[in-house]
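K.L.:
predicted model, plus sequence, below.
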Amino acid sequence: MSDSQAPVTVVHCWSAPRSRSTALLYSFEARGRAASPSGTDTTSTPTYATYAVDEPLYRRWLIDKGDAVSRPYTQQMIDGVPPGSRDDDDDDDDGKKTATPTTTARTPEEDAKRWARETGSLAHRIATGAKTVGPGGAVFCKHMAKHCHLYDFDNECEVGAEDTVFDHMADARVHLTFVHKHVLLIRDPVAVLSSWDVAGSVHGNNPTPDEVGIIPMMGIYSTLISRNGGSGSGENFVVILDSDQLARYPFPTLKALCGDLGIPFTADMLEWESGPHDCDGPWADWWYSDVHKSSGWFGHDMDAESAEDDDENRTTYPLSYVPPSRSYRTLNPSLVPTLRASLPAYDYLRSLTSGHKSRGPPASQIYEDPRNEHILAWIGAPGRGRLVPRDTASVSPWDSSVQGGDAAWEGLRVYNGKIFKLERHLKRLFKSAKALGFENVHTKEEVIDAIFRTLAANGMRDGAHIRLTLTRGEKCTSSMNPKFNVYGTTLIVLAEWKPTEGATTYDNTKGITLITASTRRNSPSTVDSKIHHNNMINNILPKIEANLAGAADAIMLDLDGFVSETNATNIFMVDDGILMTPHADACLPGITRETVIMLAKEVGIPCEIRRISLAEFHAADEVFTTGTMGELTPVTMIDGRVIGTGSRGPVTAALQGAYKTLPNRPGWATEIPPLLKQQNSGDSMIY
């Protein structure tokens, strides 16, 4: 498409009432500035020119609100005339003193034109900009999110408008077409609300969620995505822009934004002139004193030579910018209800920003099973649990698991519509909770119901692993003292698609390598491993040693130097056909461990439970580890010593085969209820 045929891109930027939205307005106003001075003719303006419009729906909003809001310039805005006297206009309609506007150097004629401009409709303002920039140009409209009820997103026009953009295009030199794009400029509502008192004399000190703008932006997002069939793609789409990311990384963020909008980026967008701007609304004298002091995203230390370099590949701009000073403000407690109402929408919109999506490696590199990117987890106190998406799953910072690792846990395996040894695992979980002195604990029925609901929501019936955690619960204050746990235990059901063999488990055919850790296993005189607790640092430190050594796991010795277990599993060895495993004095007596001991008896393999030295493991014919997640895993090397033939031994293979049959044996696993896909017409149940 040639430039003469290129549409004018109308960018509608919706935001909260803070200075970064105005800075972005100036950034777009400066776009193409070097080649497109103000007032250029339509036919000669380059395709990257931008016309900036400041809150074109503001006047309509003031009229719509009537006496519900008070601004020191309300009547002048409605009439489109400048204040007759600066002194007189320092009083509002109630006779209360309001903020004094800053003084500008505009002539009376310029001021009158500026106020009169506000009486134009949105269509008129866009048409004026389009005729200025011409084909391929852009019109940038800065909107407050609270004005969104005045915009018809289906027809891309002002609600109830009696005119269209084309009604004002009769004198255009060339035929113009338009494409509308929407940007949601989000900011942490804590930052928005904590700065509210600064301009409170202008807009009042009791902001509503509507004023903060996050909830209206959520509505805008929902409308636009619904219009596009829920895909968020197509000609009309919405870009979510994190203002903190914009302030810290202006160059890559602006460049990516222009790419998303389908318009060229120019380096001019990084700087602008300080002081008032032609695009300013007349209310700027009350609001824009701080942003008028700015001269660009990089402040005043920007390399002057680099400002002239608009090469897309230039590297003279710093990758990030941290303001030389920061403001630390108190959040008025009266604003907390508004904050609580705004945060869920902010958290969701933030999860859609490019910064959030790029916070780590791509999903394809993280998840062995891509389905794990969107799983739901169960979290909550007794009677208050619920399923939440992975991105929003969290526990309170006052929860005992965060405060001191004060929790118990279990690992469960799902096989062919069944949970293996569920009853045995729950028995151990509640024994651990009792040993830890938990109070107001979830019932067994509540835990099972939460497990079933989690599996059903995720569609899991096979090849899944569940991490079941029961914490002492949320405290009313930061402390190790259990007496401050007043809300009951917290249950977490985390189910993932996880094969018994894979990147997140072990290789049960070729086997694994172990080292011996320098960290000794806790004894019952310190932290008793019979309690399946979450104080895992004793296990994590050996795992770090194993990672650094390139081994799968690390063997841990007890305080007397005998083998206890690995950092993650129980351990067995075979010598002259006899199966041996260490006493559970300093290790967890695992459920898979007790199952293997039972299987050995069943298949006629003699088994001994005794103290075993590290040297015996080094010289063993076979070694394998056991655990719910990975089942039975052969060990082929320990501390550089090859175990047996260096491959899986016959005893290990026989026990692996026997173990595989257990989920299908009667009494060994709990059936998962069938998924309810559709209610029968005769079903009278209430859901």
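P.N.:
Good, I have the coordinates. Residues are numbered from 1 along each chain as shown.
K.L.:
and the contacts of stretch 397-410?
P.N.:
If you take Cβ atoms under 8 Å, 6 or more residues apart in numbering as the criterion, stretch 397-410 is touched by 395-396, 425-426, 428-429, 432-433, 436, 438, 467-480, 482, 485, 490, 531-537. Every C-beta, even on glycine, is put in place using the N, C-alpha and C of the backbone.
K.L.:
could you rerun that using 7 Å?
P.N.:
Contacts to stretch 397-410, defined as Cβ atoms under 7 Å, 6 or more residues apart in numbering, come from residues 395, 425, 428-429, 432-433, 436, 467-475, 478, 480, 485, 490, 531-536.
K.L.:
ranges for the helices of the stretch 151-300 of the chain?
P.N.:
Assigned helices in the stretch 151-300 of the chain, in chain order: 189-194, 200-203, 209-212, 214-227, 243-248, 250-261, 284-287 (criterion: DSSP state H, counting those that start in this stretch).
K.L.:
nearest to residue 359, of the ones you listed?
P.N.:
Across the helices of the stretch 151-300 of the chain, residue 359 has its closest neighbour in helix 243-248 (10.6 Å, Cβ to Cβ).
K.L.:
and residue 117, how many residues sit next to it?
P.N.:
By other Cβ atoms under 10 Å, the residues close to residue 117 number 18.
K.L.:
quick revisit: between the helices of the stretch 151-300 of the chain, which one is closest to residue 352.
P.N.:
Among the helices of the stretch 151-300 of the chain, if distance is taken as Cβ to Cβ, the winner is helix 214-227, at 8.0 Å.
K.L.:
centre of the chain to the closest one, how far?
P.N.:
Relative to the chain's own centre, helix 214-227 is displaced by 18 Å; criterion: Cα atoms, centre = their mean, to the nearest Å.
K.L.:
swap in stretch 240-258?
P.N.:
Put simply, stretch 240-258 sits 17 Å off its chain's centre (Cα atoms, centre = their mean).
K.L.:
any weak-confidence spans in the stretch 1-150 of the chain?
P.N.:
Within the stretch 1-150 of the chain, the stretches with pLDDT under 70 are 1-4, 34-47, 84-105.
K.L.:
all strands for it, in order.
P.N.:
In the stretch 1-150 of the chain, the segments counted as strands under DSSP state E, counting those that start in this stretch are 8-15, 50-54, 138-144.
K.L.:
how about CSV for the helices of the stretch 151-300 of the chain, with mean neighbour count added?
P.N.:
Shown next, in CSV, are the helices of the stretch 151-300 of the chain (neighbours: other Cβ atoms under 10 Å):
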stretch, mean neighbour count
helix 189-194, 20
helix 200-203, 17
helix 209-212, 21
helix 214-227, 19
helix 243-248, 19
helix 250-261, 19
helix 284-287, 21
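K.L.:
weakest of these in terms of mean pLDDT?
P.N.:
Mean pLDDT values for those show the minimum at helix 200-203, a mean of 54.
K.L.:
centroid-nearest residue for the chain?
P.N.:
The C-alpha lying nearest the average C-alpha coordinate of the chain belongs to residue 351 (Cα atoms, centre = their mean; 3.9 Å).
K.L.:
distance check, the closest residue to it other than its chain neighbours against residue 665.
P.N.:
Counting by Cβ to Cβ, 6 or more residues apart in numbering, residue 351 lies nearest to residue 391, which is 5.0 Å off, once chain neighbours are set aside. Using Cβ to Cβ, to the nearest Å, residue 391 is found at 39 Å from residue 665.
K.L.:
residue 265 too?
P.N.:
Applying Cβ to Cβ, the value for residue 265 to residue 665 is 65 Å.
K.L.:
so for these two, which residue has more residues nearby?
P.N.:
Each of residue 265 and residue 665 has its neighbours counted (other Cβ under 10 Å); residue 265 has more, 20 against 8.
K.L.:
check which helix or strand covers the residue nearest to residue 452 when sequence neighbours are not counted.
P.N.:
Nearest residue to residue 452, sequence neighbours excluded (Cβ to Cβ, 6+ apart): residue 673, at 5.8 Å. Per DSSP states H and E, residue 673 falls between elements, in no helix or strand.
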